[in-house]
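In: Structural data only, the sequence is not supplied:
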Ligand code: AMP
């Protein structure tokens, strides 16, 4: 099972992905987490992406594509993958299709967490206060949201046409969203 958990920043993708890791043993592949880890380690890659991430813009398709390709190799025997925060552009979606096709696989399901933008701004302002993640500051968050709307949301018709897109109300509580996600996966 290859699942893409889809939605704007702050929609709860990471939270739901972690639930699926716990409940189903899937491997979560979060490009945001990988990039943050690269920065923390002080690697060349980390240095290259720092400014871009701090501005709330997207790093290059090649960089995240390579990170995902590496992790697919590392976790060859995983029962399933949850792609969290990837793909974010059409080029990334096409690269993912290619990587999976090489393994005789495909994106089986895309679950879109549908959230209200105003509520999202409030949610992230609270997360910024609580966790102090620098790119959650209101100004940068707006840039991230704009990147989502301009570069990532256009992927929705791409996945809809493939017949793999399901929408879930991301405004419900964490447990309620998890239950809806589980229901979708159990139907597959
Ligand atoms: P996230 O935690 O998924 O919101 O990602 C944090 C930041 O990492 C984003 O604002 C981007 O700068 C970068 N990033 C993460 N995933 C991607 C991706 N798939 N494509 C481009 N940039 C990404």
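Out: Right, received. Where do you want to start? Since the structure is predicted, the reported quantities are computational estimates derived from the model, not experimental observations. Residues are numbered from 1 along each chain as shown.

In: okay, CA-based contacts and neighbour counts for the rest of this
Out: Will do.

In: quick one, helices of this structure?
Out: Secondary structure of the chain (DSSP state H): helices at 13-24, 31-41, 44-55, 61-74, 90-101, 117-131, 138-147, 155-161, 174-187.

In: Those into TSV, with extra columns for mean neighbour count?
Out: Listed next are the helices of the chain as TSV, based on neighbours: other Cα atoms under 10 Å:
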stretch	mean neighbour count
helix 13-24	17
helix 31-41	16
helix 44-55	15
helix 61-74	15
helix 90-101	16
helix 117-131	14
helix 138-147	18
helix 155-161	14
helix 174-187	14
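
In: Out of those helices, point me to the one whose mean pLDDT is lowest.
Out: Among these, helix 117-131 carries the lowest mean pLDDT, a mean of 91.

In: what angle sits between that one and helix 138-147?
Out: Using axes from the mean of the first three to the mean of the last three Cα atoms, to 10 degrees, the inter-axis angle of helix 117-131 relative to helix 138-147 is 130 degrees.

In: Contact residues of the chain facing the ligand?
Out: Residues of the chain found near the ligand (Cα under 6 Å from any ligand atom) are 9, 31-32, 52-53, 56-60, 64, 85-88, 144.

In: Apply 8 Å and report the result again.
Out: Contacts of the chain with the ligand, taken as Cα under 8 Å from any ligand atom, map to 9-10, 30-33, 35-36, 49, 52-61, 64-65, 84-89, 92, 135, 144.

In: could the helices of the chain go into TSV alongside distance to residue 109?
Out: Output for these, formatted as TSV (distance: least, Cα to Cα, whole Å):
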stretch	distance to residue 109
helix 13-24	13
helix 31-41	18
helix 44-55	28
helix 61-74	17
helix 90-101	12
helix 117-131	24
helix 138-147	23
helix 155-161	9
helix 174-187	8
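
In: Look up phi and psi at the most centrally placed residue in the chain.
Out: For the chain, the residue nearest the mean C-alpha position is residue 85 (1.8 Å; Cα atoms, centre = their mean). When quoted as degrees, to the nearest 10, the phi and psi of residue 85 stand at phi 80, psi 10.

In: same check, this time on the one 3 residues further on
Out: Here is the backbone geometry of residue 88 (degrees, to the nearest 10): phi -120, psi 0.

In: Settle this for me: residue 20 is touching residue 13, isn't it.
Out: No - using Cα atoms under 8 Å as the test, residue 20 is too far from residue 13 to be in contact (10.7 Å).

In: any idea how far residue 53 is from residue 102?
Out: Residue 53 sits 30 Å away from residue 102, going by Cα to Cα, to the nearest Å.

In: now residue 165
Out: Distance from residue 165 to residue 102, by Cα to Cα: 22 Å.
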